[in-house]
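Engineer: 3D model of this:
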Amino acid sequence: MSANAAVSEPPGGYGGPLPRRPATLQEARALAHPLRLRILRQCLDRALTNSELAATLGQKPATMLYHVRTLLRAGFLTELPSRPGPRGTVEKPYRSTGKSWQLDQSMTSEDGAMLRAIFEAVAAEVDEAGPECVLEGTRMAMRLSPSQLAELQAQIAAMIGQYPAGPEYIARDEDPGTDPYAMLLVLHRRRV
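Structural biologist: Numbers count the residues shown, from 1 in each chain. Now for the predicted structure:
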């Protein structure tokens, strides 16, 4: 699905997909690793330090720092002001920028690395939260005419456009009375 339409300021923070552009090589490479996608998801709702990320994601701090720096260089994470840490240390918290939502075709790459990274990251998130975390899910096959395909893509875009994305989502921080959810929606051609 391509969402190339220019978007004005939507009322109430909703109303349409963000304008999108192709990923640069640096951006594509940064997103082609499942751990980096998990870092972005962890830093979406709250700022986390390298050590907090390492503990949350079960990684060594040095490994985490390598991936955090990659995301910083590509503009997917931003460093917030330092804060006091344990035993007089200074910690650097990081927060997702929402930039990945601005990339067109962010689920595709010629070698399939980005798509595999997304599937691996989602599988890890579901494993961490437990199988009961999946609220809705289906896998189905269908045959569509070109007009039916266009209609389905328009319906998907309209549904997604009802929810804030990228910087709008991050700016909202935590809305009272809401819980965090994620959705993976993939419409793909089948080989027959």
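Engineer: Show me what secondary structure element comes after the top helix by length along the chain.
Structural biologist: Using DSSP state H to define each element, the chain has its longest helix at helix 113-129. Remark: after helix 113-129, the chain's next helix or strand is helix 146-160, criterion DSSP states H and E.
Engineer: State the mean pLDDT of the next helix-or-strand element following that next one.
Structural biologist: Next helix or strand after helix 146-160 toward the C-terminus (DSSP H and E): helix 167-172. Helix 167-172 shows a mean pLDDT of 76 in the predicted model.
Engineer: so how far is helix 167-172 off the chain centroid?
Structural biologist: A distance of 13 Å separates the centroid of the chain from that of helix 167-172, by C-alpha atoms, centre = their mean, to the nearest Å.
Engineer: Please point out which parts of it sit buried.
Structural biologist: 168-170 (16 or more other C-beta atoms under 10 Å). (Glycine included, C-beta is placed from N, CA and C.)
Engineer: Identify all contacting residues around it.
Structural biologist: For helix 167-172, the external contacting residues (C-beta atoms under 8 Å, 6 or more residues apart in numbering) are 10, 13, 44, 95-98, 101, 163-164.
Engineer: still on that earlier bit, show me what the longest helix of the chain packs onto, helices and strands only.
Structural biologist: helix 25-31, helix 34-42 (3 or more C-beta pairs under 8 Å, 6 or more residues apart in numbering; DSSP states H and E).
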